[in-house]
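In: What follows is a predicted structure for the sequence shown.
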Amino acid sequence: MNILFLHQNFPAQFRHVAARLAADGAHRVVAVGEDGNLRRTGAPLRGVELAPYAPAPASSASHSYLQGYDAAIRRGQQVVGVLRQLKAGGFRPDLVVAHPGWGEALFLRDVFADVPIALHAEYYYHATGADVGFDPEFPVTADDALRLRIKNTTQWMSMECADLLLAPTRWQQSRFPAIVQDRMRIVHEGIDTRRVAPEPAARISLQKAGIALGPDDEVVTYVARNLEPYRGFHSFMRALPLLLRLRPRARILIVGGDEVSYGNKPASGGTWRQAMLAEVGAQLDAGRVHFLGRVPYADYLRLLQVSTVHAYLTYPFVLSWSLLEAMAAGCMVVASRTAPVQEVIRDGENGRLVDFFDHHSLAEALAGAIDERDRLQSIRAAARHTVVAGYDLESRCLPRQLELLHELVARHGAAR
């Protein structure tokens, strides 16, 4: 079977399923992605052929609403060129798996008219009831509702020709229009719980600080791709002055870059780390708050394994892999009482939930978790059990993904 993956930042959410299909000698797997991103991902997945496209030209759209859609159309055109080359070389996919968010799937049917298409249904934007308007610190305008409707256009046009949509969580599925719900299935990308597991003897060295930390130390961890309000960085930073007073021996380990993945940059300019240090930095013991930037995956896992308590905060938005990995590593997680976190964490059973905006309660919950660390082993164990039972890569998620994709191909073949 010939299988085509489309994702501007491949492998992204398709890493495990693409690798498994490529490992099967019966399949030829081709992945189309943006040239610069494919080169930055490091070693390619074994057996996956990469077909890069050049970045789309800058948008010249006259209306601000259309700039993102214009860029998606241009990206889609770049992808069409690659697909036509593949077609001219004799490649015809039996299955296409794509992300609908950036325009790569817009013109699939214009090149391969009769191919089953599965899309990763990550997130559908709404002006109310989710991330937009959630944080009163960043109020939205009436114009935002109109802008978001157009922002969804790329996904909507891509979903029009899709046969199957795969959503990682029930809440993420619920955000999508009712008209596509009959084509949606819920299956997470999966967590490798054999690799991401507790390690009582784990230690992590902070070379710049000249210290090494292990399971007997008081370690508070926070992880995000980028340090920004969408992932509660501002709430976490505001909790630190009280937390450091309550736990004089605690070390705070913060992982994340200084770019912006979601939302906007600070109105004052610079990064959110700079903005929050300007607000609360004078109240912090800089010798105990460690900004680690982005770290290698192995170091990230050790950080989770030595964590006494892990903070995870998010707007009602896409669920981070890092939450499930923290739980799989046996962390005591204190998380925000927001969707889709509540789909995973049950307060007092496999973690603690606090109000996203109540940084005083967050500090007390983190301090309390340190104080009660020896009595919280059952919660840590329950956290790991939740991920193993519901999100394990090998026993649940990957088999289900493959099952749904094979069913789609078989159903399509029977209908022809």
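Out: Ah, there it is.

In: which SSE is the closest residue to Gly287 other than its chain neighbours in?
Out: Distance criterion CB to CB, 6 or more residues apart in numbering; nearest residue to Gly287, sequence neighbours excluded, is Ala209 at 7.4 Å. Any C-beta I mention is one placed from the backbone N, CA and C, and that applies to glycine too. Under DSSP states H and E, no helix or strand contains Ala209.

In: and if you look at Phe5?
Out: With DSSP H and E as criterion, Phe5 is part of strand 2-6.

In: Can you list the strands that that strand pairs with?
Out: If you go by DSSP bridges, strand 2-6 pairs up with strand 28-34 (parallel), strand 95-98 (parallel).

In: how about JSON lines for those strands, with mean neighbour count, mean pLDDT and distance to Gly89 added?
Out: Output for the strands paired with strand 2-6, formatted as JSON lines (neighbours: other CB atoms under 10 Å; pLDDT from 0 to 100; distance: least, CB to CB, whole Å):
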{"stretch": "strand 28-34", "mean neighbour count": "22", "mean pLDDT": "97", "distance to Gly89": "10"}
{"stretch": "strand 95-98", "mean neighbour count": "25", "mean pLDDT": "98", "distance to Gly89": "17"}
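
In: Which helix or strand lies directly C-terminal to the strand holding Phe5?
Out: helix 15-23.

In: how far off strand 2-6 does that next one point, in degrees?
Out: 160 degrees (axes from the mean of the first three to the mean of the last three CA atoms, to 10 degrees).

In: Show the pLDDT at the closest residue to Ala130 other than its chain neighbours.
Out: Once flanking residues are discounted, Ala130 sits nearest to Pro316: 4.6 Å by CB to CB, 6+ apart. pLDDT, Pro316: 97.

In: Can you read off the backbone torsions of Val220?
Out: The phi/psi pair for Val220 (degrees, to the nearest 10) reads phi -110, psi 130.

In: ok, now how distant is the spatially closest residue to it that is not a sequence neighbour from Phe107?
Out: Leaving aside its chain neighbours, Val220 sits nearest to Ile252 (4.9 Å; criterion: CB to CB, 6+ apart). With distances taken as CB to CB, to the nearest Å, Ile252 is found 48 Å from Phe107.

In: Contacts only, for the spatially closest residue to Met184 that is not a sequence neighbour.
Out: Of all residues not flanking Met184 in the chain, Leu165 sits nearest, at 4.6 Å (CB to CB, 6+ apart). Counting by CB atoms under 8 Å, 6 or more residues apart in numbering, Leu165 touches 118-121, 159, 176, 180, 183-185.

In: Next step: those restricted to strands.
Out: 118-120, 184-185 (DSSP state E).

In: where exactly do the helices run in the chain?
Out: Remark: helices assigned in the chain by DSSP state H are 15-23, 35-40, 66-88, 108-111, 142-151, 153-159, 170-174, 233-246, 272-280, 297-306, 321-328, 359-371, 377-391, 398-415.

In: closest one to Asp217 among these?
Out: Asp217 lies closest, by CB to CB, to one member of these: helix 297-306, at 7.2 Å.

In: Now do that closest one: everything it contacts.
Out: 195-196, 198-199, 202-204, 213-215, 217, 219, 221, 223, 253, 255, 292, 295, 310, 325-326, 329-331.

In: got the angle for that helix vs helix 321-328?
Out: 50 degrees.

In: Where do the domain boundaries of the protein fall?
Out: 2-190+393-415, 204-391 (automatic domain parsing).

In: Report the contact partners of Leu253.
Out: Counted by CB under 8 Å, 6+ apart, Leu253 has contacts 204, 206, 213, 219-222, 290, 292, 303, 307.

In: hmm, try it at 6 Å
Out: 221, 290, 303 (CB atoms under 6 Å, 6 or more residues apart in numbering).

In: any weak-confidence spans in the stretch 301-416 of the chain?
Out: 415-416 (pLDDT under 70).

In: try 90
Out: For the stretch 301-416 of the chain, the stretches with pLDDT under 90 are 412-416.

In: Okay, the residue nearest to Leu393 when sequence neighbours are not counted and Ile204: tell me how far apart.
Out: Among residues not flanking Leu393 along the chain, Gly190 sits closest, at 3.4 Å (CB to CB, 6+ apart). From Gly190 across to Ile204, the span is 25 Å (CB to CB).

In: now Ala162
Out: Counting by CB to CB, the gap from Ala162 to Ile204 is 43 Å.

In: what's the burial count for Thr154?
Out: By other CB atoms under 10 Å, the residues close to Thr154 number 23.

In: which residues touch it?
Out: 72, 103 are the contacts of Thr154 under CB under 6 Å, 6+ apart.
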